[in-house]
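>>> Quick one: sequence and predicted model below, then my questions.
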Amino acid sequence: MKSLTLRSAAGVVSALAVSAALVPASTAGAETRPGSVDRTTAESFGRIAGVVLTDRTAAIVDGKVEGHATAPSTKKARVSSATARSERSVVASLRERKAKLKALGEAYSAGDTRVAVDRTGVDGKKATVRVTETTQLTYQKIRGDEPGTTGFQAHHELSFTAAGNGAWELTGIKNLDEIPQINAPAPTAPEVKAAAGAGDMPNAPEASVWPFPKRLPKDTKTGLDYKAMADYAEKYWKNYNPDYRAYPLGTGGDCTNFVSQALKAGGWKHAPGKAGDYTKWWYGSDTQSDSWTGVNEWSWFALNSNRVKPLKYVYQMEVGDVLQADFDRDGSKDHTMLVTYRDSLGTPYLTYHSFDTYRRSMLSLSVTLPFTKWYAYRT
């Protein structure tokens, strides 16, 4: 959750143009807002989304990708020529990203992308469709001890415009999550902003991505169970723990709430007090401390209490350590993640909420988000 205090591909085009019924996309349970389209059209919207997102996944994978199979066109929906051009550009950039990652030692041997329609809203000649993408990627065994897979759930909003003869055209697609997934378009450089002040709050130093540092093993006498932290995060990365309140996108995000849960599972104790006191950290039956859910407040608490030590390099992180991100480089941190796996080369793999992600490598994060400031904490 963003701080409470500082609120602050040739194949793709032909496939998209030919058919609106290429992907088995679920519409079960989907909500339909005022206005109307028939069920076949609504299903076509989801299948169009599945085509677009599956082809994006195919652009970063060196093997087979599951998710779509050719079927006769329903003629209910299609991709506009402008969106087809845009997707060609996206796919080309993703292929470049794949090549860069592979040159650095990471590749994917298989992929699977599925799409579920969450909501369809129609207003005259405009339709808005929200979908959830679930993608799994299989790591290619380049070094031999990479994790088996990485996965994520992401949320997208598609815009359709009535094109006549009962057909609709996809005119836009945007990601709704606060951190882009590996098959998302490349981000643009953020606007240069004034650094956000934090008064007398303890401030973590930025951690460098390069060079690759000497390993800094964790202290085994802390009394904390780092494996339990990782196990918790990997159990609940997608299926949230019902014992805790969740904070979906639009309400600040669930990232720090999730990491706090994992830290507690590994032995962090409550520090009771006023909710707004950044020196306190706790979760209660009807509320919690700001530091439990706020990105910046968590950092202030963790540093002030000496429960963490800043790391100079992100590749010093071990299982149970925490990584935070400042996407727009304004001095106010935006996102919190937990290391749940580390390979023999020293690459940390992060698991987190908002969007929900399992074992994403630090290498992937740094390549996908080249403008981000990173903050690494030894727990």
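Noted; the coordinates are in hand.
>>> Need the nearest residue in space to residue 276, chain neighbours excluded.
What sits nearest to residue 276 in space, not counting adjacent residues and going by CB to CB, 6 or more residues apart in numbering, is residue 290, at 5.5 Å. For glycine as for every other residue, the C-beta is placed from the backbone atoms N, C-alpha and C.
>>> Same question for residue 206.
The spatial neighbour of residue 206 that comes closest, neighbours along the chain excluded (CB to CB, 6+ apart), is residue 373 at 5.2 Å.
>>> Write down the beta-bridge partners of the one you found, one by one.
Partner residues in beta bridges with residue 373, using DSSP bridges, are residue 326.
>>> What ranges does the protein have for its helices?
Per DSSP state H, the chain carries helices over the ranges 10-18, 39-60, 81-104, 226-236, 255-265, 290-293, 295-304, 362-368.
>>> I'd like those helices as CSV, with distance to residue 330 and mean pLDDT appended.
CSV is the format used below for the helices of the chain (distance: least, CB to CB, whole Å; pLDDT from 0 to 100):
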stretch, distance to residue 330, mean pLDDT
helix 10-18, 35, 37
helix 39-60, 29, 92
helix 81-104, 25, 96
helix 226-236, 27, 98
helix 255-265, 17, 98
helix 290-293, 19, 97
helix 295-304, 11, 97
helix 362-368, 19, 96
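>>> I'd like those as CSV, with distance to residue 345 and mean neighbour count appended.
Below are these laid out as CSV (distance: least, CB to CB, whole Å; neighbours: other CB atoms under 10 Å):
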stretch, distance to residue 345, mean neighbour count
helix 10-18, 33, 16
helix 39-60, 21, 24
helix 81-104, 11, 16
helix 226-236, 18, 20
helix 255-265, 24, 26
helix 290-293, 34, 27
helix 295-304, 27, 25
helix 362-368, 10, 20
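>>> Compare these and report which one is nearest to residue 181.
Closest approach to residue 181 among these is made by helix 362-368 (7.9 Å; CB to CB).
>>> pull the CA atoms of the closest one into PDB?
Extracted as PDB, the C-alpha positions of helix 362-368 are listed here (Å, rounded to 0.1, in the frame of the first residue of the first chain):
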ATOM      1  CA  MET A 362      15.600  -9.400  -9.500                       C
ATOM      2  CA  LEU A 363      17.100  -9.600 -13.000                       C
ATOM      3  CA  SER A 364      13.600  -9.400 -14.600                       C
ATOM      4  CA  LEU A 365      12.600  -6.600 -12.300                       C
ATOM      5  CA  SER A 366      15.700  -4.500 -13.100                       C
ATOM      6  CA  VAL A 367      15.400  -5.100 -16.900                       C
ATOM      7  CA  THR A 368      11.600  -4.300 -17.000                       C
END
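>>> hmm, who's touching that helix?
Helix 362-368 has contacts (CB atoms under 8 Å, 6 or more residues apart in numbering) with 97, 100-101, 104-106, 150, 180-182, 184, 186-187, 209, 314-315, 317, 323, 325, 347-350, 372, 374.
>>> List buried members of the residues you listed by neighbour count.
Buried subset of those (neighbour count, 16 or more other CB atoms under 10 Å): 97, 101, 106, 150, 180-182, 184, 209, 314-315, 317, 323, 325, 347-350, 372, 374.
>>> give the contact list for residue 291.
Applying CB under 8 Å, 6+ apart to residue 291 gives the contacts 278, 280, 281, 297, 298, 300, 301, 302.
>>> Let me fix that, I meant to ask about residue 136.
111, 112, 149, 150, 151.
>>> what's near enough to touch the first one?
Remark: with contacts taken as CB under 8 Å, 6+ apart, residue 111 is in contact with 57-58, 60-61, 63-67, 135-138.
>>> what pairs with it across the strands?
Beta bridges link residue 111 to residue 65, residue 137 when assigned by DSSP bridges.
>>> ok so, going back, closest to residue 76 out of the contacts of residue 136?
For the contacts of residue 136, the minimum distance to residue 76 (CB to CB) is 25.6 Å, reached by residue 112.
>>> Could you report the separation of the residue located most distally from the centre of the chain from residue 78?
Within the chain, the residue lying farthest from the chain centre (CA atoms, centre = their mean) is residue 165, at 38.1 Å. Taking CB to CB, to the nearest Å as the measure, residue 165 falls 11 Å from residue 78.
>>> what would the helices of the chain look like in CSV with distance to residue 334?
Output for the helices of the chain, formatted as CSV (distance: least, CB to CB, whole Å):
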stretch, distance to residue 334
helix 10-18, 31
helix 39-60, 24
helix 81-104, 22
helix 226-236, 19
helix 255-265, 9
helix 290-293, 13
helix 295-304, 6
helix 362-368, 13
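>>> can you give me the strands in the chain?
Assigned by DSSP state E, the chain shows strands spanning 31-32, 64-66, 77-79, 108-123, 126-139, 149-164, 167-175, 309-311, 322-326, 335-342, 348-352, 356-361, 373-378.
>>> out of those strands, nearest to residue 231?
Short answer: strand 335-342, nearest of the strands of the chain by CB to CB, at 8.1 Å.
>>> Output the closest one as CSV - backbone C-alpha positions only.
The C-alpha trace of strand 335-342 is given here as CSV (Å, rounded to 0.1, in the frame of the first residue of the first chain):
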residue,chain,number,x,y,z
HIS,A,335,6.0,-1.0,-3.5
THR,A,336,7.2,-3.7,-1.1
MET,A,337,8.3,-7.3,-1.9
LEU,A,338,9.8,-10.4,-0.2
VAL,A,339,12.7,-12.6,-1.3
THR,A,340,11.4,-16.2,-1.3
TYR,A,341,14.2,-17.9,-3.3
ARG,A,342,17.8,-17.4,-4.1
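>>> quick one on the thing from earlier: for the helices of the chain, which one sits closest to residue 169?
Taking CB to CB, helix 81-104 is the member of these nearest to residue 169, at 7.7 Å.
>>> Next, the angle strand 167-175 makes with that closest one.
40 degrees (axes from the mean of the first three to the mean of the last three CA atoms, to 10 degrees).
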